[in-house]
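Novice: any chance you can model this:
(chains A and B)
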Amino acid sequence: MLAQARLVLATRSGAPARSAGDTGYLIYLVLLIIALVAVPAALSIVRGLAQPHVLSAVDSPDSYRIVAVVAAFLAAAALMLGRTRGPVLPSPFLAEFLAGSDLPRSSTLRRPFAASASVLVGLAVTAAGLVIAARIVSGEAASVSAVLVVFGCLAFATLLAVLWLMGQSLPRRATATLAVIFVVTGLTAGSDGVLWITPGGWLALLWQSVSAGTAPLWWPAITLAVSPLTLLAVPALLNNLRGAEIMAQSRRWQSIGALVQTGDLAGASGALRAPPTRGRRLQMPLTGPLWWAILHRDLTAARRFPLRSAFGCVALVGAGWLTTVTSTVPDGLSWLTALAGSGIGYLAVGVCCDGLRNAAENAAPGSLYGRDARIMIGYHTAFPLLAALVFGSLGAVIAGVSGAALLWWLLVAVFIVLVRVFDSAQGPMPIGLLLPVPTPVGDIAILNAIIWQADALLIVLIVSGGLTINFSHHGLGAAAWLALAAVGVAVLAQRRIRSLGA
Amino acid sequence: MREDGAVPHLEARAVSASIDSEVLLAPVSLTVKPGTALAVQGRNGSGKTTLLRILSGQLQPTDGQALLDGHPIDERNRGARRAISARIGLPAFARELTAHEHLRFIATTWGRTGSTATDAADATMKALGITELRNRFVNELSSGQTQLLSVATALVRPFDVLVVDEPEQRLDAHRRDLVVAALSAQIDRGASVVFASHNADMVHSIADTTITLGEQLGEQLGEQLGEQ
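Specialist: Purely as a prediction, here's the structure:
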C-alpha cells in the first residue's frame, strides 16, 4: 500500500519519466561535480589540515578533551534541534495523507528519517576521513586506531540521529533534561572517568589513542560499535510522533523553502522563530524616555524566549572568546577563530534583534509608530549592542587576553550591530537579480541572489573576520579600517531605511 | 485635534492613480468635513484601497490632489502622519508582544507615556470588546480577533482623520456593532472618518456620505444618505 501511495505521489509531482539519455546526463553531471568541485575541495582541506602548525594544534595532547566537549554539545544540540527541525520532515502532502493514514508511522516515516540520518552520518564520516587523511598525508602511517576513529564517528553520528529523533518525538521536558546531562558531561570532560562512560567520551578516547600513537583502546570501540543498537528504538520513536507536530514542522519548512526560493531570506528566518508561549504576564514598564522604554520592551521580549536568549548569550560569550583569542593562536588557525568569532557573533546578536526587525518592518508608509523609523531603529539597537558588549566582553575576560583585544571586541560588537541594522532594512530582493546571466558554464543568476541574500554575513566575515586576523599584527591600522567600515555600513543602512519609505 | 481646536478637513480633487496605461483609480473628488464619515463603496478592484492609500498619504495620486486642510497630503510630513491614522491591511505586528503591550507601545511612541498609554490601551480594548485578549500574543488570536486588534492599533493613537479599509472583515455581527460604536464615538468627538466597506449595515450606521467607485470610470457618485 505504501509503495502504491509513493507511486501516486511520484506521478503527482508531474516529473516526466527519465529517459536513458537523462540518466546518462545526470551521471555525467554528478561525476563532473565530484571531479571539479568535491575532490579539489577535499584535497585543499586535507592539504590545509596537513600543515605542521595546524596538525600540531589538532594533535595537541589535550585535543581529545575538545573532541569530548564538541561531541557532548553536538548530542545536546541534536536533542534540542528536534523540536524545531526534526529528522522526520515529509512534505505536507505526505504528512497529511500518509502519516495521517492508519499505517504505522514506523513504516510511513521510516524513509524521511533514513534520509536525514544518512546525510548526518555521511557528513560525520567525511569530516573524520578528512582529518585522518591529513595525518596520513603528513607522513603518518595508517593505523588500526585511525580506522577505529572513522568507524567511531560513523557510530556516534548514528547515535546523534537517534537523539535528533528523540528531540522530535519525546516531550520537551525529557529531551531538555537529557540535553542538560550531555552539556554537563561536556563541561566535565576534564575528568577521564567521565570519558569512559559517555558516548562523546568514547569517541574522545579513540581520538586520544590516535593522537598519542598508542595501541587502540577496545572498550570505547566496542561500546561505540554497539551504540547503533539504539536504532532499535527508532520504530517506537516514529510511532510516538504526533501528526499535528509533523504537519506544523513540515508546513513551516515548506514555507521557509518557498521564502528562500523567492529571495525572502529575512522572512524565512522569521518563520524559523517560533512564537512565544510564556512570559505573557511579565511587566513591561514603558516609562521614561522613549529609548529607555524601548530597551525595557526588548529586554522583556527576550525573556519570553528563555532558551533562545540563553543560547544567544552563550554564543556571544563564545564569539567574544574566539575573536579575542585570535591574536594568541598559531597563524594557521587564526583565520578559523577570527571567522568563527565574527560569524557566530553576527548570528548570536540576531537573537536580540526582534525589536529592531519590527521597527524596520514598520519603516514603510503606514507605520504603527509615531516616531521616525530611523529613531525607532536607532533606539532598538541599544539592546543587541548591550548584549554584544556585555556577553562578548565576558568571553574576552574568560580568554584572559589583553585590554587591547577586549577593546577590539567592543569595536567588532559595534560593527556587527550596525550590520544587523543594515540587514534588517534589506527589503525584498530586486527582481533584476533573478534575470538570467548566461555564461559558458550555465546560468549564474543564482550567485547574484545568494550574494544579495548573504550580504550582511559576508560583510561581517570579510571585514570583521578579516581585520581580526590582521589585528594581532597591525592593531591600530585594523581598528582604523574597522571604524571606517562601520561608518560605511551606517551610511548604507541609513540609505536602505530611507528607501523603505521612512 | 489641533491646538487651535479646529479639525482639519479632508479633500480630494479629481485624484486618480494608474500604472502605465492600467487605471487603478478613475478620477474622483470628495470632501470630508470634521465630525463626519464617508463610506467608500464599490466592487472588488474598483479602486477603494487605492483611494484610501491616497487619502492617507501612502500613495501619491497620478493626477489630481489630495488635501488636508488645504495642504497636499504627504506621508513624509510629520504633521500629516500625526493627523491621519490609517489602517489599510494588517499591520506589521511584533510576535513577541501581547495584544495589550502592542497598544501601549504604539501609544507610547505617539507620546502617550506611562499610565496615559495604559489608559488609552485599556479604553481601546474595552471599546472593541477585546479586553480579555490583553495577555494573548498575536499568533494566539483568531482571524476576527486579529482584525479587531488591527483596528485598535489605529484607534489607540491620537488622530484627527481616521482611514480604515473594510473594518468589518472577518467579524461576526456582534463585533461589527462594536466597531460601529467605536468609530461613531470618534466621529462624535469631531474626527473625520473615511472607510471602505462592503457591509450595508455598517455603511448606514456610520456614514454621512457615500461614494461608489464603479464601472463608470470617471463618474463620481457622491450622495447624501439622508436623500435616499
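Novice: from here on, contacts and neighbour counts on C-alpha atoms
Specialist: Noted.
Novice: please parse chain A into its domains.
Specialist: A:51-246, A:262-269+A:286-499 (automatic domain parsing).
Novice: using a markdown table, lay out those together with distance to B:T124 and mean neighbour count.
Specialist: Output for the domains of chain A, formatted as a markdown table (distance: least, CA to CA, whole Å; neighbours: other CA atoms under 10 Å in any protein chain shown):
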| stretch | distance to B:T124 | mean neighbour count |
| --- | --- | --- |
| domain A:51-246 | 36 | 19 |
| domain A:262-269+A:286-499 | 15 | 20 |
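Novice: the ones you listed: which one's closest to chain B?
Specialist: domain A:262-269+A:286-499 (4.4 Å; CA to the nearest CA).
Novice: show the average pLDDT along the closest one.
Specialist: When pLDDT is averaged along domain A:262-269+A:286-499, the result is 87.
Novice: wait, does that domain contact chain B?
Specialist: Yes - using CA under 8 Å from any CA of the partner chain, domain A:262-269+A:286-499 reaches chain B at A:286-288, A:290, A:301, A:304, A:354-355, A:358, A:361-362, A:365-371.
Novice: wait, what's in contact with the closest residue to chain A within chain B?
Specialist: Proximity to chain A, evaluated over chain B using CA to the nearest CA, is greatest for B:W110 at 4.4 Å. With contact set as CA atoms under 8 Å, 6 or more residues apart in numbering or on different chains, B:W110 has these partners: A:369-371, B:157-158.
Novice: identify the farthest-apart pair in those.
Specialist: Within these, A:R371 and B:P158 form the most distant pair, 12.9 Å apart (CA to CA).
Novice: what does chain B put close to chain A?
Specialist: Neighbours of chain A within chain B, by CA under 8 Å from any CA: B:58, B:75-76, B:81-82, B:86-88, B:91-98, B:101, B:104-106, B:108-111, B:113-114, B:135-137, B:139, B:153-154.
Novice: is A:G288 within a helix or a strand, and which one?
Specialist: Using DSSP states H and E, A:G288 sits within no helix or strand.
Novice: show me what contacts it?
Specialist: Contacts for A:G288 (CA under 8 Å, 6+ apart) come out as B:113-114.
Novice: all strands of the chain, in order?
Specialist: Assuming you mean chain A. Along chain A, counting by DSSP state E, strands occupy A:438-439, A:442-443.
Novice: that's the wrong chain, I meant chain B
Specialist: B:10-19, B:22-32, B:37-42, B:63-68, B:71-72, B:84-87, B:161-165, B:192-196, B:209-213, B:222-224.
Novice: could you dump the ones you listed to a markdown table with mean neighbour count?
Specialist: Converted to a markdown table, the strands of chain B look like this (neighbours: other CA atoms under 10 Å in any protein chain shown):
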| stretch | mean neighbour count |
| --- | --- |
| strand B:10-19 | 20 |
| strand B:22-32 | 19 |
| strand B:37-42 | 23 |
| strand B:63-68 | 21 |
| strand B:71-72 | 16 |
| strand B:84-87 | 27 |
| strand B:161-165 | 26 |
| strand B:192-196 | 26 |
| strand B:209-213 | 22 |
| strand B:222-224 | 15 |
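Novice: make TSV from those and add mean pLDDT to it.
Specialist: Below are these laid out as TSV (pLDDT from 0 to 100):
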stretch	mean pLDDT
strand B:10-19	92
strand B:22-32	92
strand B:37-42	95
strand B:63-68	94
strand B:71-72	91
strand B:84-87	93
strand B:161-165	96
strand B:192-196	96
strand B:209-213	93
strand B:222-224	43
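Novice: A:L410 is in contact with A:S393, isn't it?
Specialist: Yes - contact criterion CA atoms under 8 Å: A:L410 and A:S393 qualify, at 7.4 Å.
Novice: okay, now the unreliable bits of chain B?
Specialist: B:1-8, B:215-228 (pLDDT under 70).
Novice: by contact count, what packs against the longest helix along it?
Specialist: Using DSSP state H, we find that the single longest helix of chain B is helix B:173-188. If you count contacts as 3 or more CA pairs under 8 Å, 6 or more residues apart in numbering or on different chains; DSSP states H and E, helix B:173-188 packs onto helix B:114-127, strand B:192-196, helix B:200-206.
Novice: quick one, the second one and strand B:161-165 angle?
Specialist: Direction vectors for strand B:192-196 and strand B:161-165, defined by axes from the mean of the first three to the mean of the last three CA atoms, to 10 degrees, enclose an angle of 10 degrees.
Novice: so which elements touch strand B:192-196?
Specialist: Using 3+ CA pairs under 8 Å, 6+ apart: strand B:192-196 touches strand B:22-32, strand B:37-42, helix B:48-55, strand B:161-165, helix B:173-188.
Novice: wait, which of those is closest to A:G100?
Specialist: Among those, helix B:173-188 sits nearest to A:G100 (CA to CA), with 36.5 Å.
Novice: how much space between A:F383 and A:V417?
Specialist: A:F383 is 10 Å from A:V417, where distance means CA to CA, to the nearest Å.
Novice: do the same with B:A152
Specialist: On the measure of CA to CA, B:A152 and A:V417 end up 33 Å apart.
Novice: please name the residues that touch the residue nearest to A:I497 when sequence neighbours are not counted.
Specialist: With sequence-adjacent residues excluded and distances taken as CA to CA, 6 or more residues apart in numbering or on different chains, A:I497 is closest to A:A425, at 5.6 Å. With contact taken as CA under 8 Å, 6+ apart, A:A425 is in contact with A:357, A:360-361, A:493, A:496-497, A:500.
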